[in-house]
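>>> Fold the following and give me the result.
(one chain, ligands or ions: 1)
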Amino acid sequence: MDLQTVRKTAREKLGGVCRVCPVCNGVVCAGEVPGMGGLGTGASFKNNIQALAEFKLNLRTVHQVSQPKLSCTLLGMELAAPIIGAAVAGVGLNMNAALSEEAYTAAVVAGCHHAGTACMTGDGPKPEFFAAGLAAIKAEKGYGIPIIKPRETERVIELAQQAAAAGAPAFGMDIDAAALVNMTNAGQPVGPKTQAELAEIKKHTSIPFIVKGIMTVDDAEACCAAGVDAIVVSNHGGRALDHTPGTAEVLPYIAEAVRERMTVLVDGGIRSGADVLKMLALGAHGVLLGRPLAISAIGGQAEGVQLVLNKMIGELRAAMILTGTADVAAVSEDVIW
Ligand SMILES: Cc1cc2nc3c(=O)[nH]c(=O)nc-3n(C[C@H](O)[C@H](O)[C@H](O)COP(=O)(O)O)c2cc1C
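Numbering: from 1, shown residues only. Below you'll find the predicted structure:
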């Protein structure tokens, strides 16, 4: 199997729901939610791509870094590189029946594990979404992190306890799904959380707690004060609120404020190893990939996911050599021009 075949197969299976464009940038699919697009005008998705494009890298080759270190420990997991799969739920419902929810989740979690990394899994109005994640994480010996919707606090705690029992090394909550009507319509209300509610969740759970969907320094500080272990700087791939900045724009401010006290992850528009290096230089400890892995799982199951990750890890290695970066755990901001 090669990447071209994976993309061609994905395009066929998706039947127009996603066009599998040469560059996945949110332009053609603007407003297509459900689907793969960004919400409304698609500005938040497009801003993720644009923000990363505006940062440029300093090419440096007079140094001795020929074998950079890509492996790292994130949230207690030993990873081949600081690149994790993002939670993408609803493939079984909204993607032209390309794959069932269970098959999709199993493929993306296994593909990440085979590439030496881990994957987050999603949640939704149907219990099968969350269950598919737990089953895949069990099958891949704990190399996965379930992300729970910002449901009622007691329910979040219950699901987090199920995640711990399934062997997950951490759990998260995509707090930016606070206005998701399909959850509320299905009788499973979601909403924003106060700092006290975040602290309550932390108090009643045993594995590290990640809050995903942080876009301001204030919210990051509140998570830190609540004892949250990690945040994901994310605008949900542009699917929560229209007209947010790109994540690469806000990351440096958030990282400067909290990265010495908690793990800072970021996602949104990361499409190459060079993009990963930019996010690390802007202050992230690690990154998540959403659509690139979702498309490859649909086109090539676990093998497709592994191919994309291996390509990106190779690109990251080359970008580190060409910027004189010895270790992913210590990327200098001087990498950015
Ligand atoms: C179809 C689709 C479904 C998603 N479902 C979830 C989800 O259930 N939970 C979650 O935390 N994020 C979800 N996300 C957001 C991703 O986890 C991630 O934040 C985003 O896709 C990153 O941007 P990228 O796709 O440009 O890499 C979803 C994204 C897409 C495109």
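>>> And the nearest residue to W337 once chain neighbours are set aside, how far from the ligand?
Nearest residue to W337 in three dimensions, chain neighbours excluded: K56, at 4.2 Å (C-beta to C-beta, 6 or more residues apart in numbering). C-betas here are computed from N, CA, C, even on glycine. Noted for K56: a distance of 20 Å to the ligand, by C-beta to the nearest ligand atom, to the nearest Å.
>>> burial count for whichever residue of the stretch 51-200 of the chain sits closest to the ligand?
Closest to the ligand within the stretch 51-200 of the chain is G122: 2.7 Å, counting by C-beta to the nearest ligand atom. Close neighbours of G122, defined as other C-beta atoms under 10 Å, add up to 22.
>>> The ligand contacts on the stretch 151-300 of the chain?
For the stretch 151-300 of the chain, the residues in contact with the ligand (C-beta under 6 Å from any ligand atom) are 174, 212, 234, 236-237, 239, 267-270, 289-291.
>>> G37 reaches G26, doesn't it?
Yes - at 6.4 Å, G37 counts as touching G26 under the criterion of C-beta atoms under 8 Å.
>>> list the helices and strands the longest helix anywhere in the chain packs on?
For the chain, the helix with the greatest residue count under DSSP state H is helix 291-321. Helices and strands touching helix 291-321, by 3 or more C-beta pairs under 8 Å, 6 or more residues apart in numbering; DSSP states H and E, are helix 3-14, strand 83-85, helix 91-94, helix 101-114, helix 273-281, strand 286-289.
>>> Which of these has the highest mean neighbour count?
Mean neighbour count (mean count of other C-beta atoms under 10 Å) peaks for strand 83-85 among the helices and strands packed on helix 291-321, with a mean of 28.
>>> If you count contacts, what does that one end up packed against?
helix 101-114, strand 119-121, strand 286-289, helix 291-321.
>>> So for G37 and G26, which residue has more residues nearby?
Set side by side, G37 and G26 show unequal neighbour counts under other C-beta under 10 Å, the larger going to G26 at 27 against 22.
>>> So the more buried one is in contact with L39, correct?
No - using C-beta under 8 Å, G26 is not in contact with L39, being 10.1 Å away.
>>> Name all residues that make contact with the spatially closest residue to G40 that is not a sequence neighbour.
Counting by C-beta to C-beta, 6+ apart, D242 is the residue found nearest to G40 once chain neighbours are left out, at 3.4 Å. Going by C-beta atoms under 8 Å, 6 or more residues apart in numbering, D242 touches 38-44.
>>> re the thing from before, looking at the helices and strands packed on helix 291-321, which is closest to A222?
Closest approach to A222 among the helices and strands packed on helix 291-321 is made by strand 286-289 (21.3 Å; C-beta to C-beta).
>>> mind listing what the residue lying farthest from the centre of the chain touches?
Farthest-out residue of the chain from its mean C-alpha position, per C-alpha atoms, centre = their mean: V62, at 34.1 Å. With C-beta under 8 Å, 6+ apart as the criterion, no residue contacts V62.
>>> neighbours of the residue in the chain positioned nearest to the ligand, just the number please.
With C-beta to the nearest ligand atom, the shortest gap between the chain and the ligand falls at G290, namely 2.2 Å. The number of residues packed near G290 is 23, by other C-beta under 10 Å.
>>> how about it, what does it touch?
86, 88, 237, 267-268.
>>> How many neighbouring residues does the residue nearest to it when sequence neighbours are not counted have?
In space, and not counting its chain neighbours, G290 is closest to A86: 4.0 Å by C-beta to C-beta, 6+ apart. Neighbourhood size, A86 [other C-beta under 10 Å]: 28.
>>> three-state assignment of G16?
coil (DSSP: H, G, I helix; E, B strand; the rest coil).
>>> Find me whatever residue is spatially closest to it, sequence neighbours aside.
Per C-beta to C-beta, 6+ apart, closest to G16 is N96, 7.6 Å.
>>> and what of V335?
A281 (4.1 Å).
>>> Would you agree that neighbour is in contact with V328?
No - contact status for A281 versus V328: not in contact, 10.5 Å apart, counting by C-beta under 8 Å.
>>> Do you have the helices of this structure handy? List them.
3-14, 43-54, 91-94, 101-114, 127-139, 153-165, 181-185, 195-203, 217-225, 247-258, 273-281, 291-321.
>>> any chance of those in CSV, plus mean pLDDT?
Formatted as CSV, the helices of the chain follow (pLDDT from 0 to 100):
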stretch, mean pLDDT
helix 3-14, 98
helix 43-54, 98
helix 91-94, 90
helix 101-114, 98
helix 127-139, 96
helix 153-165, 98
helix 181-185, 91
helix 195-203, 98
helix 217-225, 98
helix 247-258, 98
helix 273-281, 99
helix 291-321, 98
